[in-house]
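Novice: With the sequence up front, the predicted model follows.
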Amino acid sequence: MLSIMLASILFAEANNVNCFKPLLPTSVLENVNVFLEVSDTITIQNRGIIYALSIDGMIHQPREDSFVRIVLEDSNGHDYLVMESDRYRNDTTFFQLSDYCEETNQLDGIVPLRLKCYVMNATLQISGIHYSSGIPLRGLASHGELEMSKRDQVNDIIDRINAYNNRHNKLWIAGATPISQMSFSDKVKLFGGNAGSNFCNIEYYSGGIFEFSGSDYANDRDNTPFIDEYDWTYRHGKNWMTSVRNQGSTPYCTAFAVAAGLEAMRNLYFNITDTTHLSVQELACCAEYNSQYLDGKKSIDVDSALVYSRDVGVMPESNYPFDKEALQLCMSDQIQPDDRFKISDYTSTDGMSILSDSIIKRLLIDNGPIVSWIYASMHNMSDSIFNHAMLLVGYGKIEEGMKIKNLHPHLPQSTPVIQAGDPRIGMTYWKFKNSWGNSTSNGYVNDLYDGYMYILTDTLSTFHKLYSIQTPILSELLTDEDVVCEDLDGDGLFNWGIGPKPVHCPAWSSDESDGDDSDREKGHMDEYGYCEILSANNPVYQYIYNDTTLVVPESRSCYLGVMRGVTATFQAQQTFEDGMELLLDNGAILVLDGTVISGNSIRPYTGSKIVLNNGAKIFRPFEVPLGVELIINSGAIE
């Protein structure tokens, strides 16, 4: 039946066939005829030492979520990728294999044990197995030749994925990334899965909005009342994240995600943009709860890292640097850190029966960036998953006319635009800070990846668990007195990050923070992320943050605030237009030195001080409020 079907179907092979051929001469094992509709193994013991392996056969992959992978396992339990296929890599119903191999194009003299064949929504027919049992006279391929072969394979796969994405209007771009260059076994460790885990080609993600294979968007419109976009990489005109880091092939994604979350929450709690990284190595080596070892390297779950962050705290990266090459014993008790940051506690969505868009958006807006455990499963097949922890920093909404290039300004001009009638219109996409480095930190000159990943998913079960870090954030050096309270846009509303209003905010400031401190026409933010629109002629506020002497007369059409602990000396007349005022915070000092000012322009708050020198005058009406100190050395109130 299969041969009859093939007669009327055009076969597909890799574009660059040579890069998927053995680098050594091979022979063929005879009488191989294996047909698989489900995952199974093929024993190939008693073959002695081999130096290459390839296969002949045919794959039937009728669906977008069809998936086939063949892995060679040697006698030491090490895995090598022989081949992998899906519709993204080979956009055809039938894919022909002829002397085909990927990582097994040259081996370091291994003893083969078996072929592990993973088949999902597909069929696999193997008709021949080629192998090399000796080293040719010319010798093995050099390290440089192997690297070139790997690069050619990666580039060929990238071309085919992008061709599929273009044909089928996918919203993401494939490119050469640090992860795409990794060995298969390192990818398995990175994703925390097994040899059958379907990575869904996410290791090639370079930009745009990633979509999982076989997604069905029929019932996933965003009907929440929340604002369409929210992003902690640009709130109040600032990026609250530290720079993106690279976990390499280590299974430390949880430690990186938690460190990134603590760094972001430190910045948001103290309202600062500190670029200092915290120690991933401390989290990876010292968080003992529920830890496990993967090929000699410890992997911890998110709870373990957060419990350590709460009970012990995390020191700066410079005190305890990341070592991706080896597992170390916990050394934190032997280090005197520059500082140590603790979280107050954390909450998780573990145990929630329903996880909705609204719940996630509420957590993100109210509590800040969320440590997210991503668990991708296709059609409930447990051997077709990958696991990865990242930091959720924002979201957006798919809209008609939206240009994917706008998410990543460095993407090519030809990237997709959402057309009318697109089934994804109205869906939410999620933005994550990842730990796979970026083109700058990894040297991939053709890499488009900036370290952030946008994901569109048809099911919220992709979010296996979400963890919100609770404030206050505790530091050995910083206290709540160091929380910055500021009005950068001059609308009279102050921002103090995430947390309660600090006691040192100006006395005249509202108890509700500014919803967007980069836009003076946006005021308080409601529970759904929308900011009230202030009047276009709303008066601008200016502030004196340091001791200042004004020696030039000026007519002011704005409020002028003298901040706590600051002395403002007026040696020239300052005239305030109708309705505008001079605001004196608790602890502020106004010195009038031989000049005059209208009393109805001054609004002093309890704890402030006014000093008149050299015949200075305050014209009535003016009453000294209770708790305000007035000192007349030379002058008068008239």
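Specialist: Okay, I see it. Numbers count the residues shown, from 1 in each chain.

Novice: is it fair to say Arg114 lies in a strand?
Specialist: Yes. Under DSSP: H, G, I helix; E, B strand; the rest coil, Arg114 falls within a strand.

Novice: What is the neighbour count of it?
Specialist: 15 (other CB atoms under 10 Å). Heads up, the C-betas are built off the backbone N, CA and C, glycines and all.

Novice: Going forward, the N-terminal residue is numbered 651.
Specialist: That works, and once the first residue is 651, the last one we named lands at Arg764.

Novice: which residues touch it?
Specialist: 691-695, 722-723 (CB atoms under 8 Å, 6 or more residues apart in numbering).

Novice: Just the buried residues of the residues you listed.
Specialist: 692, 694, 722-723 (16 or more other CB atoms under 10 Å).

Novice: can I get the residues you listed in TSV with pLDDT?
Specialist: Converted to TSV, these look like this (pLDDT from 0 to 100):
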residue	pLDDT
Ile692	94
Ile694	89
Leu722	97
Glu723	97
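
Novice: for the longest helix seen in the chain, the distance to its chain's centre please.
Specialist: Longest helix in the chain, counting residues (DSSP state H): helix 793-817. Its chain's C-alpha centre and that of helix 793-817 lie 25 Å apart, by CA atoms, centre = their mean, to the nearest Å.

Novice: and what of stretch 1252-1270?
Specialist: 52 Å.

Novice: before we move on, what about stretch 683-699?
Specialist: Worked out by CA atoms, centre = their mean, stretch 683-699 lies 40 Å from the chain centre.

Novice: on that earlier part again, now intersect the buried ones among the contacts of Arg764 with the strands, please.
Specialist: 692, 722-723 (DSSP state E).

Novice: any idea which of those residues is closest to Leu774?
Specialist: Nearest to Leu774 out of these is Ile692 (CB to CB; 10.3 Å).

Novice: where along the stretch 1051-1200 of the chain do the helices fall?
Specialist: Here the stretch 1051-1200 of the chain has its helices, by DSSP state H, counting those that start in this stretch, at 1089-1092.

Novice: what do you get for the chain?
Specialist: Going by DSSP H, the chain shows helices at 652-657, 793-817, 834-841, 903-920, 930-936, 952-961, 1007-1017, 1089-1092.

Novice: Contacts for stretch 962-974, please.
Specialist: Contacts of stretch 962-974 (CB under 8 Å, 6+ apart): 895, 897-900, 902, 909, 912, 926-933, 936, 958, 981-982, 985, 987-992, 1124.

Novice: picking that back up, mind checking the helices of the chain for the one nearest to Leu1138?
Specialist: Taking the helices of the chain one by one with CB to CB, helix 903-920 is closest: 15.1 Å.

Novice: Now for the nearest residue to Arg990 once chain neighbours are set aside, how many residues are close by?
Specialist: Excluding the flanking residues, the one nearest Arg990 by CB to CB, 6 or more residues apart in numbering is Gly963, at 4.0 Å. Using other CB under 10 Å, Gly963 has 21 other residues around it.

Novice: before we move on, what about the one 4 residues further on?
Specialist: Residues contacting Glu967 under the criterion other CB under 10 Å number 19.

Novice: what residue ranges in the stretch 951-1100 of the chain are flagged as low confidence?
Specialist: The model of the stretch 951-1100 of the chain has pLDDT under 70 over residues 976-977, 1001-1003, 1026-1036, 1089-1098.

Novice: Do a quick rundown of the strands in it.
Specialist: Per DSSP state E, counting those that start in this stretch, the stretch 951-1100 of the chain carries strands over the ranges 991-992, 995-998, 1020-1027, 1035-1047, 1078-1083.

Novice: Make TSV from these and add mean neighbour count to it.
Specialist: Formatted as TSV, the strands of the stretch 951-1100 of the chain follow (neighbours: other CB atoms under 10 Å):
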stretch	mean neighbour count
strand 991-992	21
strand 995-998	16
strand 1020-1027	23
strand 1035-1047	23
strand 1078-1083	24
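
Novice: Of all these, which one comes closest to Gly707?
Specialist: Closest to Gly707 of those is strand 1035-1047 (CB to CB; 25.4 Å).

Novice: Can you spell out which helices and strands pack onto that closest one?
Specialist: Using 3 or more CB pairs under 8 Å, 6 or more residues apart in numbering; DSSP states H and E, the elements in contact with strand 1035-1047 are helix 834-841, strand 880-881, helix 903-920, helix 1007-1017, strand 1020-1027, strand 1078-1083, strand 1102-1106.

Novice: Tabulate the contacts of Arg764 (CSV), appending distance to Thr1129.
Specialist: Listed next are the contacts of Arg764 as CSV, based on distance: CB to CB, whole Å:
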residue, distance to Thr1129
Thr691, 61
Ile692, 65
Thr693, 66
Ile694, 66
Gln695, 66
Leu722, 58
Glu723, 56
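
Novice: Which of those residues sits closest to Gly784?
Specialist: For those, the residue nearest Gly784 by CB to CB is Ile694; the value is 16.9 Å.

Novice: what about the closest one, distance to Tyr1193?
Specialist: Separation of Ile694 from Tyr1193 (CB to CB, to the nearest Å): 76 Å.

Novice: residue nearest the centroid of this structure?
Specialist: For the chain, the residue nearest the mean C-alpha position is Lys1083 (0.9 Å; CA atoms, centre = their mean).

Novice: That one against Met891, yeah?
Specialist: Yes. Assessed by CB atoms under 8 Å, Lys1083 is found in contact with Met891 at 5.7 Å.
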